[in-house]
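show me the folded form of this:
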Amino acid sequence: MTTGLQTDGPAFLEVAGPAQSDWVLVCDHARNRVPITVAGGDLGLPAEDMARHIAFDPGAEGVTRALAAELGAPAVISTFSRLVIDPNRSEDDPTLLMRLYDGTIIPGNRHADATERARRIADWHRPYHDAVGAMLLRHPEALLVSIHSFTPQLRGRAPRPWHIGVLYAEDARLARPFITAAEGEADLCVGDNKPYSGHLPGDTMDRHGVQPGRPHVLIELRNDLISTPETQSAWGRRLAGLLQVAKSQMEET
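Sure thing, here's the model as predicted:
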């Protein structure tokens, strides 16, 4: 495992894989850590809010690590909260640095100006994406898979029935056979570009998948289904099987 070292810790972690792999995994929202150089390491939110989906994707890192082990694949994992700076947004996206998220005010971001925004991009956002880009250069033929999780219900919204969501934009070479494979599982409710669309210009999949023409898919798991190490491991095994089926279907077409 290697790290992209910053003054107060790594911006990313790498899970080692073979010299050449059919897969590269990424986890954009793995942790809820606030670096000490960002608002003194405290965004002003109580622990219960930092444990919510507004700060990270609960369970996603465990699933990513389990999936990496099942596929024998390398992975790049972010180590900072999405509230510090969101690695799954382009540098010019207005939601890159959130001041209000799902009804919660983020006090430590309220007065973050353009200089602070630029500093967080340079210290955290860019090193993460540089690491993803470097990993993909080392595995030029690999398929790219991004693991996220979603909350069962946003405040004031209807419950989300899906167990798994599959997100993609115009390139569905991997996403479409993966959806077909997942829909073949009788116990799964599968969201096709749900709970939200996979089309977000400049996000991780656009930057590292769509733009360079690399087959890719973003997989969202409902976070109440991956709340323990045991369920994370189980979903890692399940996703590995579905992805292998999807890959074989791609190769046949």
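
so after the helix-or-strand element of the chain with minimal mean pLDDT, what's the next helix or strand?
The weakest-scoring helix or strand in the chain, judged by mean pLDDT, DSSP states H and E, is strand 2-6 (a mean of 39). Per DSSP states H and E, the first helix or strand lying C-terminal to strand 2-6 is strand 9-15.

what sits up against the helix or strand just after that following strand?
With elements assigned by DSSP H and E, the helix or strand that comes after strand 9-15 is strand 23-27. Identification of contacts with strand 23-27 by CB atoms under 8 Å, 6 or more residues apart in numbering yields 15, 17, 57, 60-61, 64, 67-68, 71, 73-78, 132, 135-136, 139, 142-148, 204, 208, 243. Where you see a C-beta, it was placed from the backbone N, CA and C, and this is true even at glycine.

list the contacts for the closest residue in space to residue 194 that isn't next to it in sequence?
Leaving aside its sequence neighbours, residue 194 sits nearest to residue 165 (CB to CB, 6 or more residues apart in numbering; 5.3 Å). Contacts for residue 165 (CB under 8 Å, 6+ apart) come out as 150, 190, 191, 193, 194, 195, 196, 219, 220, 221.

ok, now residue 176?
The contact partners of residue 176, by CB under 8 Å, 6+ apart, come to residue 168.

likewise residue 50?
32, 34, 43, 81.

quick check: the last one touching residue 39?
This means residue 81. No - look at residue 81 against residue 39 with CB atoms under 8 Å: they stay out of range, at 10.9 Å.

circling back: from the contacts of strand 23-27, which land in helices?
60, 61, 64, 67, 68, 71, 132, 135, 136, 204, 243 (DSSP state H).

wait, the fifth one sits on residue 17?
Yes - proximity of residue 68 to residue 17 meets the contact threshold set by CB under 8 Å, at 6.9 Å.

all strands of the protein, in order?
Here the chain has its strands, by DSSP state E, at 2-6, 9-15, 23-27, 75-78, 100-101, 104-105, 143-150, 164-167, 190-192, 216-222.

re earlier: closest one of the ones in helices among the contacts of strand 23-27 to residue 87?
Checking the ones in helices among the contacts of strand 23-27 against residue 87 with CB to CB, the nearest one is residue 204 at 6.7 Å.

having no further points to raise, I will conclude here.
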